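Novice: Have a look at this fold, sequence not included:
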């Protein structure tokens, strides 16, 4: 099944990279083991005829994948921060809605979805996530699952940057002249991420750590860089909680 999912993911990447969001606006997507792992996590909790909600459309790879697999999937994004993501996903005939998560109101009935996926979104929320997490709980069916991916604020790379006097936060220049800060507002520790969902009625099912930064940072491509990368990966094998990203799976139980 994993090989089949990978094939579908690669097809979705190819289809997406032919869209205006990719070739006109420059948001080309490359293969990512982190993205594939998120897709696998979603697939692991799916049953036939399940209904899926994708939070934060972005490139739309996740909804494209599960649309190809025959699932009923809806995706939401906010045009103020998401640009043309919703217009782009229209090309795939995937239902979508323009929703501002900061309003903490979702335009769906109670118990509407079997699975909710929120990929690298929670760190962008400028306010407390409490109200919107309660909304996720409301619209998720009893026994349904939610999968959340986000950077790990305890990551090893961040600790090293701080040690050398560099900030782990987005640069000031990335939002200083903008009316709205689209960068990260709060990055969660593993315990914080589990707390905010457990505190709002969810049962923690699984927390997985994944190293993305070392895999994509071109500075590790040199001979010295590969040696440093080997040392850092060795540390991460011993202490996986220091990996750069985490994927949390939670369940709604009544």
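Specialist: Looks like it came in fine. All of these numbers come straight from a predicted model, not from anything done at the bench.
Novice: C-alpha only now, for contacts and for neighbours.
Specialist: Noted.
Novice: which residues of this structure fall in strands?
Specialist: For the chain, the strands defined by DSSP state E occupy 51-55, 72-77, 96-98, 113-119, 140-151, 202-210, 245-252.
Novice: Run the chain-centre distance for the helix or strand of the chain with the lowest mean pLDDT.
Specialist: Across the helices and strands of the chain, mean pLDDT, DSSP states H and E gives its lowest value to helix 213-216, namely a mean of 84. Counting by C-alpha atoms, centre = their mean, to the nearest Å, helix 213-216 is centred 16 Å from the centre of its parent chain.
Novice: Identify the residues contacting it?
Specialist: 157, 220, 229, 244 (C-alpha atoms under 8 Å, 6 or more residues apart in numbering).
Novice: Contacts only, for the nearest residue to the first one once chain neighbours are set aside.
Specialist: Closest residue to residue 157 apart from its sequence neighbours, by C-alpha to C-alpha, 6 or more residues apart in numbering: residue 244 at 7.3 Å. If a contact means C-alpha under 8 Å, 6+ apart, then residue 244 has 151, 152, 153, 154, 155, 156, 157, 209, 210, 211, 212, 213 as its contacts.
Novice: Could you identify which of those residues has the most neighbours?
Specialist: Neighbour counts for these (other C-alpha atoms under 10 Å) peak at residue 151, which has 26 neighbours.
Novice: I'd say that one and residue 121 touch.
Specialist: No: look at residue 151 against residue 121 with C-alpha atoms under 8 Å: they stay out of range, at 9.7 Å.
Novice: if we can go back for a sec, list the buried ones in the least confident helix or strand of the chain?
Specialist: 213, 214 (16 or more other C-alpha atoms under 10 Å).
Novice: Among the contacts of helix 213-216, which one sits closest to residue 16?
Specialist: Ranked by distance to residue 16 (C-alpha to C-alpha), the contacts of helix 213-216 are led by residue 244 at 26.0 Å.
Novice: Which pLDDT value belongs to the closest residue to residue 21 other than its chain neighbours?
Specialist: Distances taken as C-alpha to C-alpha, 6+ apart place residue 27 nearest to residue 21, at 5.9 Å, with adjacent residues excluded. Here, the pLDDT recorded for residue 27 equals 93.
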